[in-house]
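Q: Pasting the sequence and the predicted coordinates here, then a few questions.
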Amino acid sequence: MLLLKLLSKKVSWVNSILVKLIILDGLWPDFCELRIMKKTYLLTFLTFFCAIFVFPQRMVLKKGEIIENLSVKDSTNSNYSIYIPKSFSMDREWPLLMVFDTEGEEEKALSMFVLAAEKEGYVLAAPKLVDSISLSKNMLLTSRVIQEVAGMLPIKSNRIYAAGSKAGGQFASLVPVLIREVKGAMSIGSSLANREIINMKEPFHFVGIVSKENFNYPFLLTDTKLLDKYKFPNQLLLFDGDGEWPGVSYIQKGMQLFTLDAMGRKWISVDSSYVDSSYQKDLGKVNKLKNIGDLLWAEQYMTEMMSIYGAFKNMDSLRSVQKDLRRDRDFKVMKRAENAAFLKESMLKEDYQYYMADDLYTHNFNNLGWWNYQIGEINKFISGSKPFEKQMGHRLLGFVNALAEDNIEIISSEEVVDEDALAFLYMLKTILEPDNFDFYFKIISLSAKNDDFGTSIFYLEELLKKGFKDKEKLYSLENTALFRITPEFNELVSKYLEDARYDIKLEENRP
């Protein structure tokens, strides 16, 4: 019921607490002093720099620095972080970008947006999400933080946006759906969280940023087609490589797209030099992509350019260039190859989803060999010479990893945990990420807990073969008290790390 109320509730922007902001120039040019008071009585000038005598609760915000752990009014445990650009002043309204992180690292997430915010002139705020599972609580917290920041600073009411990476990006894509005052979302490396609840009568601006090797790339392509159908403004920014973070230039571009859209909608005055500079840089990128032979990306980028610059310029010349490119023989060959890779990827994903669900239901540990073979085939795609299959291979590996991790989270959160299914997933993760020691620890601990010392010994030796050296961590591993005093455990430690803690020998002449 709380979520339903949130869907229909219009956020109130009336702040009952008077907030007075004085930007201290001269003596302290980098500081904003916030004076928050229930009643303001102007009594006298007390000092030579004309300070105001009031009965305030003071909060000092420094421009150009992330201010952490600001308490949310009317909330017992919630807080948020904020960043005010160095160029900030009270004589104009500023756009606000809400940054979200679902792992409890909102300050780190906020820091990734700082350089772009400085260049594009955005205020940043990041709520500390109280519960990664409770959507309604986090939406209410987001609404409160927006109101609080808008009450303290001159925020332009129709220029409030949301942004985040991975799960934070999915959450960000829900914010403009559930909070009408938020006009756009920037999602990095993740698709729309829920297409079913999008209201066609309440459009918002969506900017997706994703690597072509990210498994969410095909999903984002589907999202943009849906948003085009709904006539929502949207752009998809692509980058090369398998890294999860695109870099500052892409974050800045996302903010720039929000600004250009606001100019096109007459929410702010049109800055012709800003528009022309952005257009020329984008045109240069298209030419660069064509010169290096990435024709598909060049064609896609032209589509995004026309969607944003159509409000300012006649795009017939660019449209003509795009049509010529689409007729190009090399472009058609690339397009067919990419579509073939997408089709193959779709079928393999269906197989992986089916077999993982079946293996978890039946506890089919024998099928780990099949998974090992599949990962080998995926690695062949990655190491192959066909560029679209290489990208597909990276996406498939990311997809299987995400599928396994999602199932681990689901099973671990159940009231009665299916430990056999969990053990299967931990074993699968050692195949998917053979150099990630965490999952060796998990399967060793879980097997030892269930007195399956044979499995624990196998994965302990696999871990040690990988070069693990932290003996203290081995001897403090949860649920392994009995396992650690077995001769087999200590012989393996002596073999790979020397000097086992317990000198327990196997009898040479057993009956």
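A: Received, thanks.
Q: Pass me the low-pLDDT residue ranges in the chain, would you?
A: Applying pLDDT under 70 to the chain flags residues 1-59, 74-76, 131-133, 500-511.
Q: Okay, buried residues for the lengthiest helix in it please.
A: Looking across the chain with DSSP state H, the single longest helix is helix 329-362. The neighbour-count check on helix 329-362 (16 or more other C-beta atoms under 10 Å) flags 331, 334-335, 338, 341, 345, 348-349, 352, 356, 359-360 as buried. Any C-beta I mention is one placed from the backbone N, CA and C, and that applies to glycine too.
Q: The following helix or strand past that helix packs against which elements?
A: Proceeding N to C from helix 329-362, the next assigned helix or strand is helix 368-383, under DSSP states H and E. Where contact means 3 or more C-beta pairs under 8 Å, 6 or more residues apart in numbering; DSSP states H and E, helix 368-383 is packed against helix 329-362, helix 387-412, helix 419-432.
Q: and of those, who's closest to residue 285?
A: Taking C-beta to C-beta, helix 329-362 is the member of the helices and strands packed on helix 368-383 nearest to residue 285, at 17.2 Å.
Q: tell me the angle the closest one makes with helix 419-432.
A: Using axes from the mean of the first three to the mean of the last three C-alpha atoms, to 10 degrees, the direction of helix 329-362 lies 150 degrees away from that of helix 419-432.
Q: gap between helix 329-362 and the chain center?
A: 24 Å (C-alpha atoms, centre = their mean, to the nearest Å).
Q: what angle do it and helix 368-383 make?
A: Going by the same axes, to 10 degrees, helix 329-362 makes 160 degrees with helix 368-383.
Q: and helix 329-362, what does it pack onto?
A: helix 217-230, helix 295-309, helix 368-383, helix 387-412, helix 419-432.
Q: Please find the angle between the direction vectors of that helix and helix 217-230.
A: Using the same axes, to 10 degrees: helix 329-362 against helix 217-230 is 110 degrees.
Q: Which residue comes closest to residue 461 once chain neighbours are left out?
A: residue 492 (5.6 Å; C-beta to C-beta, 6 or more residues apart in numbering).
Q: So the one you found, which state does it fall into?
A: What DSSP: H, G, I helix; E, B strand; the rest coil gives for residue 492 is helix.
Q: again with residue 160
A: Taking three-state DSSP, the label given to residue 160 is strand.
Q: Just list whatever residues bridge to it.
A: For residue 160, the beta-bridge partners are residue 96 (DSSP bridges).
Q: That one: neighbour count?
A: 24 (other C-beta atoms under 10 Å).
Q: Farthest-apart pair in the buried residues of helix 329-362, please.
A: Using C-beta to C-beta, the buried residues of helix 329-362 span at most 43.0 Å, a distance reached by 331 and 360.
Q: pull the CA atoms of the host helix or strand of residue 321 into CSV?
A: Using DSSP H and E, residue 321 sits in helix 316-327. Presented in CSV, the C-alpha positions along helix 316-327 are these (Å, rounded to 0.1, in the frame of the first residue of the first chain):
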residue,chain,number,x,y,z
ASP,A,316,19.1,17.2,-43.0
SER,A,317,22.8,17.1,-43.9
LEU,A,318,23.6,14.7,-41.0
ARG,A,319,20.6,12.6,-41.9
SER,A,320,21.9,12.3,-45.5
VAL,A,321,25.3,11.2,-44.3
GLN,A,322,23.6,8.5,-42.2
LYS,A,323,21.6,7.3,-45.1
ASP,A,324,24.7,7.0,-47.3
LEU,A,325,26.5,5.1,-44.5
ARG,A,326,23.6,2.6,-44.2
ARG,A,327,24.0,1.9,-47.9
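Q: Next, the angle helix 295-309 makes with it.
A: Using the same axes, to 10 degrees, helix 316-327 lies at 160 degrees relative to helix 295-309.
Q: which residues touch helix 316-327?
A: Defining contact as C-beta atoms under 8 Å, 6 or more residues apart in numbering, one finds that helix 316-327 is touched by 283, 290, 295, 298-299, 302-303, 305-306, 331-332.
Q: Can you flag the buried ones in those residues?
A: By 16+ other C-beta under 10 Å, the contacts of helix 316-327 give 283, 290, 295, 298-299, 302, 305, 331 as buried.
Q: so which of the contacts of helix 316-327 would you say is closest to residue 88?
A: Nearest to residue 88 among those, with distances taken as C-beta to C-beta, is residue 305, at 30.5 Å.
Q: need the contact list for the residue nearest to the closest one when sequence neighbours are not counted.
A: Leaving aside its chain neighbours, residue 305 sits nearest to residue 282 (5.2 Å; criterion: C-beta to C-beta, 6+ apart). Residues near residue 282 by C-beta under 8 Å, 6+ apart: 301, 305, 309.
Q: distance of residue 282 from residue 224?
A: From residue 282 over to residue 224 the distance is 17 Å, taken as C-beta to C-beta, to the nearest Å.
Q: Could you do residue 98 as well?
A: Residue 98 is 22 Å from residue 224, by C-beta to C-beta.
Q: thinking again about what came up before, of the buried residues of helix 329-362, closest to residue 159?
A: Of the buried residues of helix 329-362, the one sitting nearest to residue 159 (C-beta to C-beta) turns out to be residue 338, at 36.1 Å.
Q: Please name the spatially closest residue to that closest one (chain neighbours excluded).
A: residue 388 (4.9 Å).
Q: again, but for residue 168
A: That would be residue 100: by C-beta to C-beta, 6+ apart, it lies 4.2 Å from residue 168.
Q: shouldn't that neighbour be in contact with residue 166?
A: No - Residue 100 is beyond contact range of residue 166, at 10.2 Å (criterion: C-beta atoms under 8 Å).
Q: So between the two, which is more surrounded?
A: residue 100 (26 against 19).
Q: can you tell me which residues contact the more buried one?
A: By C-beta under 8 Å, 6+ apart, residue 100 lies in contact with 106, 109, 126-127, 129, 142, 162-164, 168-169, 171-172, 175.
Q: Compare those and tell me which is most surrounded.
A: Most neighbours among the contacts of residue 100, by other C-beta under 10 Å: residue 163, with 32 neighbours.
Q: where's that residue relative to residue 334, distance?
A: Taken as C-beta to C-beta, the span from residue 163 to residue 334 is 31 Å.
Q: Quick check: buried residues in stretch 193-209?
A: Those would be 193, 198, 203-209, for stretch 193-209 by 16+ other C-beta under 10 Å.
Q: do the same with stretch 107-117
A: Result for stretch 107-117 [16+ other C-beta under 10 Å]: buried residues 107, 109-114, 116-117.
Q: the strands in the stretch 151-300 of the chain, which residues?
A: Remark: strands assigned in the stretch 151-300 of the chain by DSSP state E, counting those that start in this stretch are 155-165, 184-188, 205-211, 234-239.
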